[in-house]
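# compute the structure for the input listed below.
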Amino acid sequence: MGHYQSFKTVIYCTADWVEHTGQEQLEEQYAFMEKYIGVDKVYLEPYRDKLASKKQIRMMKKFFRDRNVEVSGGITTVTEDLSGEDRKRQRLFDTFCYSNEAMRNHLKKMVEYTAEEFDEMIIDDFFFTQCTCEDCIREKGERSWEEFRLAKMKEVSQNLVINPAKAVNPNIRIIIKYPNWMESYQETGYNPAEQREMFDGIYTGTESRHPVLQDQHLPRYLSYSLPRYMENAAPGRNGGGWFDPFECYMMDTYLEQAYLTCFSRAKEIMMFCWPALYRNRLATPLGFQLQKIDAILSRIKNPVGTPVYLPFNAQGEDHLEDYLGMLGIAFEPVCEFPEGGDTVFLTASALKDQKIISRLKEFVGAGGKAVVTSGFMIGALEGKALPASEDIREMTSIRYRGRTLKGNGFQISMPWAGLFTKRYVNSAKEICWPLLEHRNNASWSLMNVSNGDFHGSILLKDTYGKGQLITLNVPDMYSDLKCYPQEALTRIRIELAGSGKVYLDAPPQISLFTYDDGSFGVYAYTADGCVPSDILVHVREDVEVLQEISGDETERTIARQYFENGESVFRMRMEPGSFRFFKY
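This next block holds a predicted model:
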């Protein structure tokens, strides 16, 4: 019997720790983990640079199984120089060169070694290559690095991992863990389009960490959006989300990785790694918070949201949907263009699909609403990545001539106020966008920004067939989105909500999570200078009360503030780092 109803709590155990931790130490450390987290499952790693002995592995397997803890294996595909020749090779993180026969043979042996001990194994997210040695350059030939590495890692997956492991243990289940840096998969050989069918399961990196003080550029909403994307890529086979305590310099920065991973309905909540968590103050609140979340998740169903179409191997406006997700918009990232539905969101990544404009015309023409970004629009107008037949000019009068729009005076038309009734508000700083020109009355601006006597559109509507094409002009610095006035954010939320029943009128740095049973949740992020905020929740139905879902005796209802324009409006206060869930 696990500790939680809605997910398993899992800890990854690195090879060095497995090799050097004795029975007495293990007893002491397990007591800490059980007290503060609750251990349902561990992944024991035989190999990461060095090899853990069979004696140690078997001692730990027995220790955990005696305590009703599930045990699986893990492997990390990094290595030191095997032959003395490798000094000339430059590789990040000591990842393998898969043109090197000695390294290929070494990986095969480590996989076989692991398969002998476990019926399930996971591959940590160093299963990539960025080697540019002479051998790799020669083997690549005229192909791009993307083409070469995608093909290479597909071959490596089959011949050095799957086939050897199953030859040793036909019953083994092999899981590939995809890292948090989705925008770069294709450049390093991660190939979920094909690997999702090759491996028995997949897993998702949800370590978003501190947004400024890390080496990557990962908005924190990624801890929710990426597991949802992977679940849609391989329905029912995304095993869980994996996060760590590194570069989490505020406690809530660590904890919210767990929260958002849970809100995505991941099956396993994987914490990396045992030695980094032991006696770590970041781990001590986990069990308490996970109990609260488990009580909530046991009463809600499946996540839903506005589809974001992100084709495999795409790159463009990286993680823009995650920046917007931290502004209170509920998204559902998908790898296939959504069939049916009423709303879709497209960033420049969608231009990877060579038929995207045809799909867009069909979707909008049939009555759908497509919200596209300035990056998508400019890329489509320039047509560099698309065949000539895919011309977006039929759908819009927008043109881009390389000019820039700067300003801080926002002019906003709300959907119920009429075309000529606007709100005028200012942002605290000047913001920069690409200038999207359009023909008056052929297209219509829903939100402008002014600077002196000049203004340009940052939210623009075109009609096509039975539907609408909405263009969202995105600032050059995506983080400037949080500098928009609240009224401007709410106008964007209204468009991106589509036919969703709930949207927020709130400051930035807040996320909305919606589910298919009518429940929804709100999470307020922590950041430097954050303070409690009052928010308005709009429900597009005649609803008199919201029932809070907390799973304890503090559950209460919130009465409606007012009913206007067919919407029930509720007011609530959110403290930084807090989450609240409701049904209507």
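# going by C-alpha atoms from here, please, whenever you check contacts or count neighbours.
Noted.
# helices along the stretch 51-200 of the chain, start to end?
In the stretch 51-200 of the chain, the helices defined using DSSP state H, counting those that start in this stretch lie at 54-66, 101-115, 134-140, 145-156, 163-168, 185-188, 192-198.
# what's the most buried one of those?
When these are scored by mean count of other CA atoms under 10 Å, the highest mean neighbour count falls to helix 185-188 (a mean of 21).
# packing partners of it?
Other elements packing on helix 185-188 under the criterion 3 or more CA pairs under 8 Å, 6 or more residues apart in numbering; DSSP states H and E are helix 145-156.
# contacting residues around the helix it packs on?
By CA atoms under 8 Å, 6 or more residues apart in numbering, the surrounding residues in contact with helix 145-156 are Tyr98, Phe128, Thr129, Lys140, Gln186, Glu187, Thr188, Gly189, Tyr190, Asn191, Glu194, Gln195.
# let's see it at 6 Å
Lys140, Gln186, Glu187, Gly189, Asn191 (CA atoms under 6 Å, 6 or more residues apart in numbering).
# what residues are up against the third one?
Looking back up the chat, that one is Glu187. By CA under 6 Å, 6+ apart, Glu187 lies in contact with Glu146.
# quick one, grab the pLDDT at it.
On pLDDT, Glu187 comes in at 95.
# so where is the stretch 251-400 of the chain shaky, pLDDT-wise?
385 (pLDDT under 70).
# again, only using 80
384-389 (pLDDT under 80).
# is it true that Val364 touches Thr463?
No. Because the distance of 8.4 Å does not satisfy CA atoms under 6 Å, Val364 is recorded as not touching Thr463.
# looking at the two, which is more packed in?
Of the pair Val364 and Thr463, Val364 is the one with more neighbours under other CA atoms under 10 Å, namely 22 against 18.
# secondary structure class for the more buried one?
helix (DSSP: H, G, I helix; E, B strand; the rest coil).
# please list all residues in contact with it.
Contacts of Val364 (CA under 6 Å, 6+ apart): Gly467, Gln468.
# gap between it and Val344?
10 Å (CA to CA, to the nearest Å).
# same question, Ser6
From Ser6 to Val344 the distance is 29 Å (CA to CA).
# repeat for Ala115
43 Å.
# all strands of the stretch 201-350 of the chain, in order?
201-205, 238-243, 268-272, 303-304, 306-309, 331-334, 343-346 (DSSP state E, counting those that start in this stretch).
# burial measure for Pro507, as a count.
So Pro507, with other CA under 10 Å, has 21 neighbours.
# what secondary structure does it sit in?
Pro507 ends up coil, using three-state DSSP.
# pLDDT score for it?
Reported pLDDT for Pro507: 96.
# report the separation between it and Thr490.
Taken as CA to CA, the span from Pro507 to Thr490 is 9 Å.
# just His438 next, same as before
23 Å.
# tell me the domain boundaries of the protein?
8-298, 304-495, 503-583 (automatic domain parsing).
# for Gly2, find the nearest of these.
Using CA to CA as the measure, domain 8-298 is the one of the domains of the chain that comes nearest Gly2, at 5.6 Å.
# what ranges does the stretch 451-584 of the chain have for its strands?
Using DSSP E, counting those that start in this stretch, strands in the stretch 451-584 of the chain cover 454-464, 467-472, 502-505, 510-515, 519-524, 533-539, 545-549, 557-559, 562-564, 567-574, 579-583.
# partners of the third one in the sheet?
This points to strand 502-505. When pairing is defined by DSSP bridges, strand 502-505 lines up against strand 533-539 (antiparallel).
# between the two ends of stretch 123-130, how far is it?
17 Å.
# identify the residues contacting that stretch?
Against stretch 123-130 from outside (CA under 6 Å, 6+ apart): Gly74, Ile75, Thr76, Thr77, Ile176, Lys177, Tyr178, Pro179, Thr188, Gly189.
# let me have those in a markdown table, extended by distance to Ser443.
Putting those into a markdown table (distance: CA to CA, whole Å) gives the following:
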| residue | distance to Ser443 |
| --- | --- |
| Gly74 | 55 |
| Ile75 | 55 |
| Thr76 | 53 |
| Thr77 | 53 |
| Ile176 | 47 |
| Lys177 | 45 |
| Tyr178 | 41 |
| Pro179 | 41 |
| Thr188 | 41 |
| Gly189 | 42 |
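# now for those: which two are most distant?
Gly74 and Thr188 (20.9 Å).
# which of Ser6 and Val344 has more residues huddled nearby?
Set Ser6 next to Val344 and count neighbours by other CA under 10 Å: Val344 wins out with 29 against 21.
# related to what we said a few turns ago, export the helices of the stretch 51-200 of the chain as JSON lines, with columns for distance to Val545.
What follows is these, written out as JSON lines (distance: least, CA to CA, whole Å):
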{"stretch": "helix 54-66", "distance to Val545": "47"}
{"stretch": "helix 101-115", "distance to Val545": "55"}
{"stretch": "helix 134-140", "distance to Val545": "62"}
{"stretch": "helix 145-156", "distance to Val545": "52"}
{"stretch": "helix 163-168", "distance to Val545": "56"}
{"stretch": "helix 185-188", "distance to Val545": "45"}
{"stretch": "helix 192-198", "distance to Val545": "43"}
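# so where's the protein shaky on pLDDT?
Filtered on pLDDT under 80, the chain yields the residue ranges 1, 80-93, 211-217, 384-389, 417-421, 528, 551-555.
# if I look at Asn232, how far off is Arg196?
11 Å.
# and stretch 107-126, how far from the chain's centre?
27 Å (CA atoms, centre = their mean, to the nearest Å).
# that one: end-to-end distance?
12 Å.
# other residues contacting stretch 249-258?
Ser223, Pro245, Cys248, Leu282.
# let's see that with 7 Å instead.
Stretch 249-258 is contacted from outside by Thr206, Glu207, Ser208, Arg209, His210, Ser223, Phe243, Pro245, Cys248, Leu282, Thr526, Gly577, using CA atoms under 7 Å, 6 or more residues apart in numbering.
# list the buried ones in it?
Asp252, Thr253, Tyr254, Leu255, Glu256, Gln257, Ala258 (16 or more other CA atoms under 10 Å).
# can you list contacts of stretch 568-584?
By CA under 7 Å, 6+ apart, stretch 568-584 touches 252, 518-526, 530-543, 545-549, 559-563.
# one more pass at 8 Å, please.
Contacts of stretch 568-584 (CA under 8 Å, 6+ apart): 252, 256, 296, 518-526, 530-550, 558-563.
# and the end-to-end length of it?
10 Å.
# buried stuff in it?
Ser568, Val569, Phe570, Met574, Pro576, Gly577, Phe579, Arg580, Phe581, Phe582, Lys583, Tyr584.
# and which of these is nearest Val334?
So of these, ranked by how close each gets to Val334 (CA to CA), first place is Phe581, at 24.4 Å.
# so for Val364 and Val344, which residues contact both of them?
Ala370.
# who's in contact with the residue of the chain most remote from its centre?
For the chain, the largest distance from the centre (CA atoms, centre = their mean) belongs to Asp453, which lies 40.5 Å off. Neighbour list for Asp453: empty [criterion: CA under 8 Å, 6+ apart].
# ok, now Thr471?
With CA under 8 Å, 6+ apart, Thr471 has these contacts: Val371, Val372, Thr373, Ser374, Met377, Ile458, Leu459, Leu460, Lys461.
# at 6 Å what do you get?
So Thr471 contacts Val371, Val372, Thr373, Leu459, Leu460 (CA under 6 Å, 6+ apart).
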